[in-house]
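Novice: 3D model of this:
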Amino acid sequence: MVKLGSPNPDGIARETQRFRDMGLEEGKHFTVKMPKGGKKGYVSILREGLEHAARLSVYGTEGQRDLAARFVEYMLQRAEKEGDAVYEKAKESVKEGKERGFLTLRALRWRSR
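Specialist: Have a look, this model is predicted:
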């Protein structure tokens, strides 16, 4: 899980909308806590959110692919700064998300024949 924090409610709302535009679902792929009383709020990206974003970066709609690809790249860059163990976990989640999308599409094609 990765938290993106800010004391600015507009920033949190903007990131939340960007995730929704990308195709991520609140509660399933990310969680939101709006800032209160001068404290930071945050958007937390769950592992499932990174996997889903990776899948959308390849198999989403045209708009989703661009948003998701930039998000996945950003998350991998952040993970790399956190160290090898974090980076490897993030890479594994991205790989799993992309592969799961491929397998799902492949299964659908097979069933439709």
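Novice: who are the neighbours in contact with I45?
Specialist: Taking C-beta atoms under 8 Å, 6 or more residues apart in numbering as the contact definition, I45 lies against M1, V2, K3, L4, F19, H29, F30, M75. For glycine as for every other residue, the C-beta is placed from the backbone atoms N, C-alpha and C.
Novice: For the residues you listed, pick the one with the most neighbours.
Specialist: F30 (26 neighbours; other C-beta atoms under 10 Å).
Novice: Any idea what F30 is bridged to?
Specialist: In this entry, F30 is beta-bridged to E26, I45, by DSSP bridges.
Novice: among the contacts of I45, which are in helices?
Specialist: Those of these mapping onto helices are F19, M75, per DSSP state H.
Novice: Confirm E48 sits in a helix?
Specialist: Yes - according to DSSP: H, G, I helix; E, B strand; the rest coil, E48 belongs to a helix.
Novice: Spatially, what comes nearest to it if we skip its sequence neighbours?
Specialist: Leaving out its chain neighbours, the residue that sits closest to E48 by C-beta to C-beta, 6 or more residues apart in numbering is H29, at 5.5 Å.
Novice: shouldn't the one you found be in contact with R47?
Specialist: No - counting by C-beta atoms under 8 Å, H29 stays clear of R47, with 9.3 Å between them.
Novice: Could I get the full set of helices for this structure?
Specialist: Using DSSP H, helices in the chain cover 9-22, 47-59, 62-82, 84-111.
Novice: what's the closest of these to K39?
Specialist: helix 9-22 (11.2 Å; C-beta to C-beta).
Novice: Pull out the buried residues from that closest one.
Specialist: Neighbour counts using 16 or more other C-beta atoms under 10 Å place I12, E15, T16, F19, M22 of helix 9-22 among the buried residues.
Novice: closest to L56 among the residues you listed?
Specialist: Comparing the buried residues of helix 9-22 against L56 with C-beta to C-beta picks out M22 as the nearest, at 6.3 Å.
Novice: and that closest one, what is it in contact with?
Specialist: Counting by C-beta under 8 Å, 6+ apart, M22 touches A53, L56, G60, Q64, L67, A68, F71.
Novice: The fourth one: how many residues sit nearby?
Specialist: Put plainly, it is Q64. For Q64, the neighbour count with other C-beta under 10 Å is 18.
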